[in-house]
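Student: Could you work out the structure for the sequence below:
(one chain, ligands or ions: 2)
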Amino acid sequence: MTDRSTQIAERMLSLRRIFAHHEAFGQLEEQFQVLLNRRWAEIAAGVSMEARGIAVIGASGSGKTTAVARLLSHTPGLICEDSKTSRMDIVSFQVPSPATLKFVGQTALEALGYPLRRERTEMTIWEMVRHHLQARQTLFLHLDEAQDLMRHQTPKMLQSVVRTLKSLMQTRDWPVGIILSGMRDLKELLNHDPQLARRFYPIEFTKLHSVTDGSRVARLAASYSDRAGLRERDLVQDQFAARLIHAADGEFGLVIELIIGSIEEALLSGDRCLDPGHFVRAFRRRSGCVDALNPFVAEDFERIDARALLQSEGLL
Ligand SMILES: Nc1ncnc2c1ncn2[C@@H]1O[C@H](COP(=O)(O)OP(=O)(O)O)[C@@H](O)[C@H]1O
Ligand SMILES: [Mg+2]
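Tutor: Ligands and ions are numbered 1, 2, ... in the order given. Okay, here's the model as predicted:
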């Protein structure tokens, strides 16, 4: 690589490592801290009460996975894995496919550091999960893409998923809190059983809207461009933020990805200023679509289905 392209790659990396705070993340942090403090207090007092959970709900690209990862890596006092005591405060994994209870249990065991060596029944696997959660002193279990627990399940299987989640939170010796992150169907899973729903605190990563979030999104673009050492031009003009929000289908994470992609366009062209033209090119590059379907170009951009364009390229 030449010096210049190395520099650009480094700058891009540092942009991708920024975590942008947002309101839903603030709620997540606050609620998690409440549950964590409660659990720590119970452990210190030697009592065990039923644990609670948090459900992080939003569309793909809203930033759920990033937010939970940030939360778990930045909460003071959490021990991810201590080689001496084998303590593992948090166990986090993505729900496997197919999401049979047995396969989910097996994945949980792997995340706990105990991959199965031979075939076991579903019941034995979950007994092992419970045993290792206690041995590792795990406080919270995080299941990402948790809406998959719902997919293709018969009512009977769904009932056993719900029962398993509840029983983890209710285990007398060592109750474990649960964080579920996933898409809208996740709500259905929780609402399937009122007893489960009442144990979960829901946090929604709602869509951005140009009226309420336009100026914040324009500021976000400006602040990223500043971090990249670029000046900005015309990013506060009418409709720019609305176009950006629309191009990202209202999802916070996708807004950031588009901003970063546009900065890369500017840097690669050797431009000193970030302007709407870079966003046109970034969207074109990502979706491969013609200008008539590009929300940064089209006059009637609001009719464009940006999610469908990004999905057709397998980007969502
Ligand atoms: N708070 C954030 N700060 C910076 N980038 C973010 C943030 N949230 C999401 N992103 C970016 O947006 C993209 C999609 O986020 P992700 O967490 O995978 O969404 P989801 O899990 O909801 O589908 C990722 O590339 C991620 O880097
Ligand atoms: Mg995700």
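
Student: which residue ranges form the helices in the chain?
Tutor: 3-16, 23-45, 64-74, 101-111, 122-135, 155-170, 185-191, 194-197, 210-227, 240-247, 252-268, 276-287, 306-312 (DSSP state H).

Student: Turn these into a markdown table, columns for distance to ligand 1, mean neighbour count and mean pLDDT.
Tutor: Just so you know, the C-beta spots here come from the backbone N, C-alpha and C atoms, and that holds for glycine as well. Below are the helices of the chain laid out as a markdown table (distance: least, C-beta to the nearest ligand atom, whole Å; neighbours: other C-beta atoms under 10 Å; pLDDT from 0 to 100):
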| stretch | distance to ligand 1 | mean neighbour count | mean pLDDT |
| --- | --- | --- | --- |
| helix 3-16 | 6 | 12 | 94 |
| helix 23-45 | 6 | 15 | 97 |
| helix 64-74 | 3 | 18 | 97 |
| helix 101-111 | 18 | 20 | 96 |
| helix 122-135 | 24 | 17 | 96 |
| helix 155-170 | 20 | 16 | 93 |
| helix 185-191 | 12 | 18 | 91 |
| helix 194-197 | 22 | 13 | 93 |
| helix 210-227 | 9 | 17 | 94 |
| helix 240-247 | 14 | 23 | 96 |
| helix 252-268 | 2 | 23 | 97 |
| helix 276-287 | 12 | 21 | 94 |
| helix 306-312 | 11 | 19 | 83 |
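
Student: how about the nearest residue to the residue in the stretch 1-150 of the chain that ligand 1 sits nearest to, chain neighbours excluded?
Tutor: Ligand 1 sits closest to residue 63 of the stretch 1-150 of the chain, with a gap of 2.9 Å, by C-beta to the nearest ligand atom. Residue nearest to residue 63 in three dimensions, not counting chain neighbours: residue 253, with 3.8 Å by C-beta to C-beta, 6 or more residues apart in numbering.

Student: The one you found contacts residue 66, correct?
Tutor: Yes - with contacts counted by C-beta atoms under 8 Å, residue 253 reaches residue 66, the gap being 6.3 Å.

Student: OK, contacts around residue 269?
Tutor: Shown in contact with residue 269 (C-beta atoms under 8 Å, 6 or more residues apart in numbering): residue 278.

Student: how far away is it from ligand 1?
Tutor: 23 Å (C-beta to the nearest ligand atom, to the nearest Å).

Student: got a list of what the residue nearest to residue 63 touches?
Tutor: Residues near residue 253 by C-beta under 8 Å, 6+ apart: 61, 62, 63, 66.

Student: The second one reaches residue 255, doesn't it?
Tutor: If I follow you right, that is residue 62. No - assessed by C-beta under 8 Å, residue 62 is found out of contact with residue 255, at 10.0 Å.

Student: coming back round to it: the residue of the stretch 1-150 of the chain closest to ligand 1 is in contact with residue 206, isn't it?
Tutor: No - contact criterion C-beta under 8 Å: residue 63 and residue 206 do not qualify, at 11.3 Å.

Student: Looking at those two, which is more packed in?
Tutor: Just comparing residue 63 and residue 206: by other C-beta atoms under 10 Å the higher neighbour count belongs to residue 63, 24 against 17.

Student: related to what we said a few turns ago, out of the helices of the chain, nearest to residue 144?
Tutor: Of all those, helix 64-74 sits nearest to residue 144, with 5.7 Å by C-beta to C-beta.

Student: Can you spell out which helices and strands pack onto that closest one?
Tutor: Contacts defined by 3 or more C-beta pairs under 8 Å, 6 or more residues apart in numbering; DSSP states H and E place helix 64-74 against helix 23-45, strand 53-58, strand 90-94, strand 140-144, strand 177-182.

Student: what's the longest one packed up against?
Tutor: It refers to helix 23-45. Applying 3+ C-beta pairs under 8 Å, 6+ apart, we find helix 23-45 packed against strand 53-58, helix 64-74, strand 177-182, strand 200-205.

Student: centre of the chain versus it, how much separation?
Tutor: 18 Å (C-alpha atoms, centre = their mean, to the nearest Å).

Student: what does the last one give?
Tutor: Centroid separation between strand 177-182 and its chain, computed with C-alpha atoms, centre = their mean, is 11 Å.

Student: wait, does it contact ligand 1?
Tutor: No - judged by C-beta under 6 Å from any ligand atom, strand 177-182 makes no contact with ligand 1; its nearest approach is 6.9 Å.

Student: List the strands paired with that strand, with their directions.
Tutor: strand 53-58 (parallel), strand 140-144 (parallel) (DSSP bridges).
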